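J.: structure for this input, please:
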Amino acid sequence: MAQPSKRVARGATLNAESARFNLPQTEADGDWLDEREAIDGAVPPIRTTVTIERPRTIIARNTSPDVPFDRSINAYRGCEHGCIYCFARPSHAFHDLSPGLDFETKLFAKPDAAALLRVELSRPGYRCAPIAMGTNTDPYQPIEATWRITRELLEILSECDHPVMITTKSNRVVRDLDLLASMAAKGLAGVAISVTSLDPRIAMTIEPRAPHPERRLAAVRTLADAGVPVYVNMAPIIPAITDNEVEAVVARAAAAGARGVSFIPVRLPWEVAPLFRAWLDAHFPDRANKVMATIQSLRGGRDNDPGFFTRMRGQGPWADLLRTRFLIARRKHGIDQNREKMQLRTDLFRPPRGPQGELF
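T.: Numbering: from 1, shown residues only. Got it, this is the predicted structure:
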């Protein structure tokens, strides 16, 4: 098995196999490049590749009782931000790719997404409810600057007054402020921005290709000033690494105009747990045992608790302390708990025009 190695601007330290899908571990083939790291003393860079994916539909459905939406859209598979904790990493195994480095370097784009959305929203039986974007991979990861699929999706949603909730950790969201502001004025759009740490050194280790925390907070202010309901998620909180920043993150979020601030303790489902452990050993060997012990105290003695509701909140004294700290911090900075839930209208929806719509 490959040994964990720090890689510049990458999150995972290895390409672990998937035990559930029989994904094979990449084996050395004897080429001299296999010994490059040992000879040169440097980890070879990995370039990002993008493959076109042609799905038949674009709206995904879920029935999870602890998720505040029943449908979502993901314009991309994989995410170049490289967040080591990302719960979506195991989904890459469906393509016979690793949840490790493959997840953040071998990406998939869906250029037909907007056309598919138009078709699905035009179906006679479609019933409007908020669509979530950014639930599996970030809709504003770096490749969005070139592919602009998220922008195209928002144009369709704006055209037919369909509500949308966006979750991102990128300030790139303000590129689409024209659409978001006009939709928000009708009660149709809201944005949640993830700020896990204010310390740039910590942030770039946890989320190596995500924008600087200050840029994210600046985006919160820009959205708020434009009338877009904006929220900050400290998601996830990693014990002994970022939990000391709770009060500071809440204070900065409130000062930037966030309507609410929430948190989720780190989750380590399936293949994410061994990747996270390897990352700890590489970057935080002095506290790796403490981090995992605290996570297990939050998760009923395991690396991960998959149970509905508890998976989002954690359990035990450590989880209770986090909730108390957030409650006190939000009260101190005047964040009204009643405004924290995003409320979007569905009564304005009208099906998008078809290709001949302009003739009538």
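J.: so how far is stretch 187-197 from its chain's centroid?
T.: Computed by CA atoms, centre = their mean, to the nearest Å, the chain-centroid distance of stretch 187-197 equals 11 Å.
J.: same question for it, mean pLDDT?
T.: On average, the pLDDT along stretch 187-197 is 98.
J.: how about stretch 229-246?
T.: For stretch 229-246, the per-residue pLDDT averages 97.
J.: and the strands in the chain?
T.: For the chain, the strands defined by DSSP state E cover 49-52, 59-61, 71-73, 76-77, 106-109, 131-133, 164-168, 189-194, 230-237, 260-265.
J.: mean confidence score for the first one?
T.: Mean per-residue pLDDT for strand 49-52: 97.
J.: packing partners for it?
T.: Contacts defined by 3 or more CB pairs under 8 Å, 6 or more residues apart in numbering; DSSP states H and E place strand 49-52 against strand 106-109. For the C-beta atoms, the positions are set from N, CA and C on the backbone; glycine is no exception.
J.: each with direction, which strands does the strand it packs on pair with?
T.: strand 49-52 (parallel), strand 76-77 (antiparallel) (DSSP bridges).
J.: restrict that strand to CA atoms and write it as PDB.
T.: Output in PDB follows, covering the C-alpha atoms of strand 106-109 (Å, rounded to 0.1, in the frame of the first residue of the first chain):
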ATOM      1  CA  LYS A 106      -9.900  13.300 -11.900                       C
ATOM      2  CA  LEU A 107     -13.000  15.400 -12.300                       C
ATOM      3  CA  PHE A 108     -16.200  15.000 -14.300                       C
ATOM      4  CA  ALA A 109     -18.300  17.900 -15.800                       C
END
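J.: contacts for it?
T.: Residues outside strand 106-109 that contact it (CB atoms under 8 Å, 6 or more residues apart in numbering) are 48-53, 75-80, 92, 95, 97, 141, 143, 147, 149.
J.: try 10 Å this time
T.: 46-53, 55, 74-80, 92, 95, 97-98, 137, 141-144, 146-147, 149 (CB atoms under 10 Å, 6 or more residues apart in numbering).
J.: which of the residues you listed count as buried?
T.: Buried members of the contacts of strand 106-109, scored by 16 or more other CB atoms under 10 Å, are 46, 48, 53, 74-80, 92, 95, 97-98, 137, 141-144, 147, 149.
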